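Enquirer: Quick one, what's the 3D model for this:
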Amino acid sequence: MDTRIRPAEPSDLAVIAALIGEIEQYYGASRVQPLDERQAQVQQALFDTPPPGLRARGRNRRRRGRRPDYSYLWPAAGSTHSMFLKELFVRESARRHGIATTLVRTLQTIAADRAGCSRLEWLTDRDNPTARAFHQALGASELDSTIVYQLDGKALTTH
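Expert: The predicted structure is shown next:
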């Protein structure tokens, strides 16, 4: 079999949406989302304009923290997608002023308002108890079931 890998195109919507239905059935879903809804979510997740990053600014218009970039990861559960926050960082001098909380709450609103977005996710280091306590105070759950893998350096270019 000759296999060709290429970027998905809008003309692939029906095939991708059908495949998602098959994935749901494979994993034992009791309900599979209607095809037209799946197609709309594929369109939005893969072919609509990506979202902007967010940046907090103080009243004096000086930059108070870094710009946290987020994107939508798809698929998440079924044909839904998740919002993924790449980096949540606030300069030390600006911490404890509610900036990180405001940023996360803003992302929660954006995620909740986006059709088909089932969750907001981000990562933090296990050895950062301050960040972990902050995330838990927001109501976030730590997942023991997820393992992050990484290829970098020589491993990235060796295959």
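Enquirer: where's the one helix or strand residue 19 maps to relative to the chain centroid, distance-wise?
Expert: When elements are defined using DSSP states H and E, residue 19 is found to belong to helix 13-26. Using Cα atoms, centre = their mean, to the nearest Å, the distance from the centre of helix 13-26 to the centre of the chain it belongs to is 20 Å.
Enquirer: got it, and stretch 36-50?
Expert: Stretch 36-50 has its average C-alpha position 15 Å from the chain's average C-alpha position, going by Cα atoms, centre = their mean.
Enquirer: For stretch 32-48, list the C-alpha coordinates in PDB.
Expert: Backbone C-alpha positions of stretch 32-48 (Å, rounded to 0.1, in the frame of the first residue of the first chain) are rendered in PDB as follows:
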ATOM      1  CA  VAL A  32     -22.100   9.500  18.900                       C
ATOM      2  CA  GLN A  33     -22.600  13.100  18.000                       C
ATOM      3  CA  PRO A  34     -24.600  13.800  14.700                       C
ATOM      4  CA  LEU A  35     -22.400  14.000  11.600                       C
ATOM      5  CA  ASP A  36     -23.400  17.700  10.900                       C
ATOM      6  CA  GLU A  37     -22.300  18.700  14.300                       C
ATOM      7  CA  ARG A  38     -19.000  16.900  14.000                       C
ATOM      8  CA  GLN A  39     -18.400  18.500  10.600                       C
ATOM      9  CA  ALA A  40     -19.000  21.900  12.000                       C
ATOM     10  CA  GLN A  41     -16.500  21.200  14.800                       C
ATOM     11  CA  VAL A  42     -13.900  19.900  12.400                       C
ATOM     12  CA  GLN A  43     -14.300  23.100  10.400                       C
ATOM     13  CA  GLN A  44     -13.800  25.200  13.500                       C
ATOM     14  CA  ALA A  45     -11.000  23.200  15.000                       C
ATOM     15  CA  LEU A  46      -8.900  22.700  11.900                       C
ATOM     16  CA  PHE A  47      -9.700  25.500   9.400                       C
ATOM     17  CA  ASP A  48     -10.900  28.600  11.200                       C
END
